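Trainee: structure of the sequence below:
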Amino acid sequence: MIKILIADDHLIIRQGLRLILETENDFELVGEASDGAEALILCKKLKPDVVLMDLRMPNMDGLTAIEKLRIEQPNIAVVILTTFNEDDLMLRGLQAGARGYLLKDTDRAALFNTVRAAARGETLLKPEIMARVLSRKNTSVAETKSTEPANLTEREQEVLEAVARGDRSKEIAAQLGISERTVKAYLASIYSKLGVDSRAAAIAVAAQKGFLSK
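Mentor: Residues are numbered from 1 along each chain as shown. All right, here's what the predicted structure looks like:
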């Protein structure tokens, strides 16, 4: 069973997600929180596998809660609940440790797949959301790109691009003609060079610094 906690200040969103999630036999909704502070308390008490976290909440916002969870309970996977006009917050949330993000009007299949991927320690990023993040205009990108090169090798760049497309390690290995273990070794090197510890964070940082092709 995948234990899930929902953190959103809108009751109707929580109720809707609950009804949808309860249709799956491998999901167990263990709690609901109306702000980040309550989410942290419930995470300590209920030990969920995955938290669906809204970013804009009163008292303590989702971004702050994600940052605290990463320190206090790093084994809990966080999936951001977001809207299309929150690109900056999405990037910051991914850099803070979230495994991925979903639009609040996402379809059931995407919701289920993302939750299961997060529980496995993987990341699923919808192509249209990734495209929006990649197209985000950041005035500091040019400076960052020139003053802080990632120094990625050609093969590491290929792996990073594949990760940004949402490909899994097994798929990347098949595409590049290497073993899955080698893919994981490349990922570890990429994480080290970008100063991150997850696929989602690597994509966010790489997008912000302009290291991914459009």
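
Trainee: check what pLDDT the residue nearest to residue 194 when sequence neighbours are not counted gets.
Mentor: Excluding its sequence neighbours, the residue lying closest to residue 194 (Cβ to Cβ, 6 or more residues apart in numbering) is residue 205, at 4.8 Å. In this view, the C-beta of every residue, glycine as well, is placed from N, C-alpha and C. pLDDT for residue 205: 85.

Trainee: tell me the spacing between residue 205 and residue 193.
Mentor: Using Cβ to Cβ, to the nearest Å, we find residue 205 at a distance of 10 Å from residue 193.

Trainee: so for these two, which sits in the more crowded spot?
Mentor: residue 205 (21 against 17; other Cβ atoms under 10 Å).

Trainee: how far away is the more buried one from residue 70?
Mentor: Distance of residue 205 to residue 70, given as Cβ to Cβ: 15 Å.

Trainee: now the host helix or strand of the residue nearest to residue 194 - C-alpha only, PDB.
Mentor: In the assignment (DSSP states H and E), residue 205 maps to helix 199-209. Once non-C-alpha atoms are left out, helix 199-209 reads as follows in PDB (Å, rounded to 0.1, in the frame of the first residue of the first chain):
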ATOM      1  CA  ARG A 199      16.100  13.800 -11.000                       C
ATOM      2  CA  ALA A 200      13.500  16.500 -10.500                       C
ATOM      3  CA  ALA A 201      16.000  18.900  -8.800                       C
ATOM      4  CA  ALA A 202      18.500  18.200 -11.600                       C
ATOM      5  CA  ILE A 203      16.000  19.100 -14.300                       C
ATOM      6  CA  ALA A 204      15.000  22.200 -12.400                       C
ATOM      7  CA  VAL A 205      18.500  23.400 -11.900                       C
ATOM      8  CA  ALA A 206      19.500  22.500 -15.500                       C
ATOM      9  CA  ALA A 207      16.500  24.400 -16.900                       C
ATOM     10  CA  GLN A 208      17.200  27.400 -14.700                       C
ATOM     11  CA  LYS A 209      20.900  27.500 -15.800                       C
END
